[in-house]
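Peer 1: Output the structure for:
(one chain, ligands or ions: 2)
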Amino acid sequence: MRDENCIFCKIANGEIPSRTLYEDNDFRVILDLAPATKGHALILPKNHYKNLYEIEEETAAKVMPLAKKMAVEITQKLGGDGFNLMQNNNEIAGQTVFHFHMHLIPRYNNDNQNLVMKPQQATDEELDAVREAIVGNGK
Ligand code: 5GP
Ligand code: ZN
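Peer 2: Ligands and ions are numbered 1, 2, ... in the order given. Sure thing, here's the model as predicted:
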């Protein structure tokens, strides 16, 4: 369940030192080396999964409770004003390290960070067609 060439496998399993905020049997939570904001951290599973498409459900199901726990703790300790969770899959979506990770990004009033998406226009017909493509007809 490890990839010998993966830096996050080495960090998650303690072979490369990191600024660890939390560790259990399944995960290590570390500070990001190039933080988007103060306290930006990453949830790393100890097993190697390339991304959301490949992570096993049992591990995936543990990520959100851990994200909540860390978000509350980080926000309290650092005096944050809000929080973004971010999780990138494949290059087009901004993934640069191909070992699943969830970004924990504390937000502060006037932090000068911009993680906001650009809303696009869609007609009712387009939205209906997208829904049909995903769930099929008659559901
Ligand atoms: P991605 O772009 O794949 O969603 O996020 C990768 C993140 O990992 C980036 O925010 C980057 O700063 C962080 N990162 C890359 N290499 C290292 C490392 O060796 N140690 C730590 N702590 N963070 C890293
Ligand atoms: Zn890995």
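
Peer 1: any weak-confidence spans in the protein?
Peer 2: 138-139 (pLDDT under 70).

Peer 1: which bits of it sit near ligand 1?
Peer 2: By CB under 6 Å from any ligand atom, the part of the chain that sits against ligand 1 consists of 7, 18, 30-34, 42, 88, 94-97. (C-beta placed from N, C-alpha, C; glycine too.)

Peer 1: Give me the buried positions along the helix with the most length in the chain.
Peer 2: With secondary structure taken from DSSP state H, the chain has its longest helix at helix 57-78. Buried residues in helix 57-78, defined by neighbour count with 16 or more other CB atoms under 10 Å: 59, 63, 66, 67, 70, 71, 74, 75.

Peer 1: coming back round to it: what's the closest of the residues of the chain next to ligand 1 to residue 53?
Peer 2: residue 95 (10.7 Å; CB to CB).

Peer 1: For the closest one, the count of nearby residues, please.
Peer 2: Using other CB atoms under 10 Å, residue 95 has 17 neighbouring residues.

Peer 1: Make residue 1 into 27 and carry on from there
Peer 2: With 27 as the first residue, the last one maps to residue 121.

Peer 1: Show the contacting residues for it.
Peer 2: Contacts here follow CB atoms under 8 Å, 6 or more residues apart in numbering; on that basis residue 121 touches 77, 114, 115.

Peer 1: Residues in contact with the host helix or strand of residue 157: which ones?
Peer 2: In this assignment (DSSP states H and E), residue 157 forms part of helix 150-161. Outside helix 150-161, the residues within contact range by CB under 8 Å, 6+ apart are residue 148.

Peer 1: what's the distance between that helix and the middle of its chain?
Peer 2: Offset of helix 150-161 from its chain centre (CA atoms, centre = their mean, to the nearest Å): 27 Å.

Peer 1: May I have the longest helix of the chain as PDB, with CA atoms only?
Peer 2: The C-alpha trace of helix 83-104 is given here as PDB (Å, rounded to 0.1, in the frame of the first residue of the first chain):
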ATOM      1  CA  GLU A  83     -14.100   4.000   0.700                       C
ATOM      2  CA  GLU A  84     -13.200   3.000   4.300                       C
ATOM      3  CA  THR A  85     -10.300   5.500   4.300                       C
ATOM      4  CA  ALA A  86     -12.300   8.100   2.500                       C
ATOM      5  CA  ALA A  87     -15.100   7.900   5.100                       C
ATOM      6  CA  LYS A  88     -12.600   8.800   7.800                       C
ATOM      7  CA  VAL A  89     -11.300  12.000   6.100                       C
ATOM      8  CA  MET A  90     -14.200  14.300   6.700                       C
ATOM      9  CA  PRO A  91     -14.500  13.700  10.500                       C
ATOM     10  CA  LEU A  92     -10.800  14.300  10.700                       C
ATOM     11  CA  ALA A  93     -11.100  17.500   8.600                       C
ATOM     12  CA  LYS A  94     -13.800  18.800  10.900                       C
ATOM     13  CA  LYS A  95     -11.800  18.000  14.100                       C
ATOM     14  CA  MET A  96      -8.700  19.700  12.600                       C
ATOM     15  CA  ALA A  97     -10.600  22.700  11.300                       C
ATOM     16  CA  VAL A  98     -12.100  23.400  14.700                       C
ATOM     17  CA  GLU A  99      -8.800  23.000  16.500                       C
ATOM     18  CA  ILE A 100      -6.800  25.100  14.000                       C
ATOM     19  CA  THR A 101      -9.400  27.800  13.900                       C
ATOM     20  CA  GLN A 102      -9.500  28.000  17.700                       C
ATOM     21  CA  LYS A 103      -5.800  27.900  18.300                       C
ATOM     22  CA  LEU A 104      -4.900  30.400  15.500                       C
END
